[in-house]
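A.B. asks: need coordinates for the following:
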Amino acid sequence: MNSDRGPDSPSSSKTAAEPAPDPLAVLHGRLLNVSRMATIGEMAAGVAHELNQPLTAIANYAHACERLLTRPGTDPNELREALRQISQQTTRAADIIRRLRALARSRQVEHTPIELNALVEELQELMRTDASLHGVELSLDLAPGLPRVAADPGEIQQVVLNFLRNSLEALSAQSSASPKVVAITTVSTGNQAVELAVSDNGPGLSPAMTKRVFDPFFSTKENGTGLGLAISSTIARAHGGTVGYRPNKPAGACFYIVLPTQPSE
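C.D. replies: Numbering: from 1, shown residues only. Reported below is the predicted structural model:
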């Protein structure tokens, strides 16, 4: 008796159907990507300025190499130094592009142990350029020795950029002659959590606005999407954390995210 089973036999192997994606997770991913691209678009002027610096330096050093090669008795060390500078500036330009691609990339969310300060420092050059173009001084006050958090680096950096852009736009609309400042701080809350805050000395928010500022599609800007802070809130919840607003002292606004630390720490 033949023991082989036909393809229609109940015991034949079949490829298990993959589970349907969670519609809410898909929507979250799409909204996050929209917010990410919108943020990069808003930073376009700063990005162009930052990228132009190493490219200009490369062109200048290349012209210097040409002059050195046509000059009798050129010291090889001069030529070597110019080439070293070209290599250094090329690496700098490549790093800028790499950071932008990392911000823009749509990818699988993955929570890994990370250092919050390192994420802020990685964005530092982009943020300083963006702040400078708005006539704003950026200061960092990052508490040393913070415990790690389990988080997706790209999503947390998106929250930082959302908070920063919010402050820069508020300060840009202010005609005050006093120095405009945005401060980014990190601190341990002492309750198995760490806080990252972005504060400014702008006009702040009215009590009515504070109740809705994290609502989807609520915006005080004429052409605002109302997604940045709402998505930041969603990201915080997905990490077991929270976002919030408090008035800055003596004036201005402060947006913050609180994230739980690694249980082992």
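A.B. asks: wait, residue 127 sits on residue 137?
C.D. replies: No: when contacts are counted by Cβ atoms under 8 Å, residue 127 is not listed as touching residue 137 (11.5 Å). Bear in mind the C-beta positions are built from the backbone N, C-alpha and C, glycine included.
A.B. asks: who has more neighbours out of those two?
C.D. replies: For residue 127 versus residue 137, the count of surrounding residues by other Cβ atoms under 10 Å is larger for residue 127: 23 against 15.
A.B. asks: residues touching the more buried one, list them.
C.D. replies: 138, 160, 161, 164, 184 (Cβ atoms under 8 Å, 6 or more residues apart in numbering).
A.B. asks: now tabulate those residues in a markdown table and tack on distance to residue 249.
C.D. replies: Compiled in a markdown table, those are given as follows (distance: Cβ to Cβ, whole Å):
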| residue | distance to residue 249 |
| --- | --- |
| 138 | 19 |
| 160 | 21 |
| 161 | 24 |
| 164 | 20 |
| 184 | 16 |
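A.B. asks: this protein - how does it break down into domains?
C.D. replies: Listed domain ranges for the chain are 24-104, 112-260 (source: automatic domain parsing).
A.B. asks: got JSON lines for the ones you listed, with mean pLDDT too?
C.D. replies: Below are the domains of the chain laid out as JSON lines (pLDDT from 0 to 100):
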{"stretch": "domain 24-104", "mean pLDDT": "75"}
{"stretch": "domain 112-260", "mean pLDDT": "85"}
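A.B. asks: all helices of the chain, in order?
C.D. replies: 23-42, 44-70, 76-104, 116-133, 153-172, 207-210, 228-238 (DSSP state H).
A.B. asks: ok, which of these comes nearest residue 144?
C.D. replies: Among the helices of the chain, helix 116-133 comes nearest to residue 144, with 7.7 Å by Cβ to Cβ.
A.B. asks: quick check: angle from the closest one to helix 153-172?
C.D. replies: Using axes from the mean of the first three to the mean of the last three Cα atoms, to 10 degrees, the direction of helix 116-133 lies 30 degrees away from that of helix 153-172.
A.B. asks: centre of the chain versus helix 116-133, how much separation?
C.D. replies: The chain centre lies 8 Å from the centre of helix 116-133; the measure is Cα atoms, centre = their mean, to the nearest Å.
A.B. asks: quick one: that helix to helix 76-104, angle?
C.D. replies: Going by the same axes, to 10 degrees, helix 116-133 is angled at 100 degrees with respect to helix 76-104.
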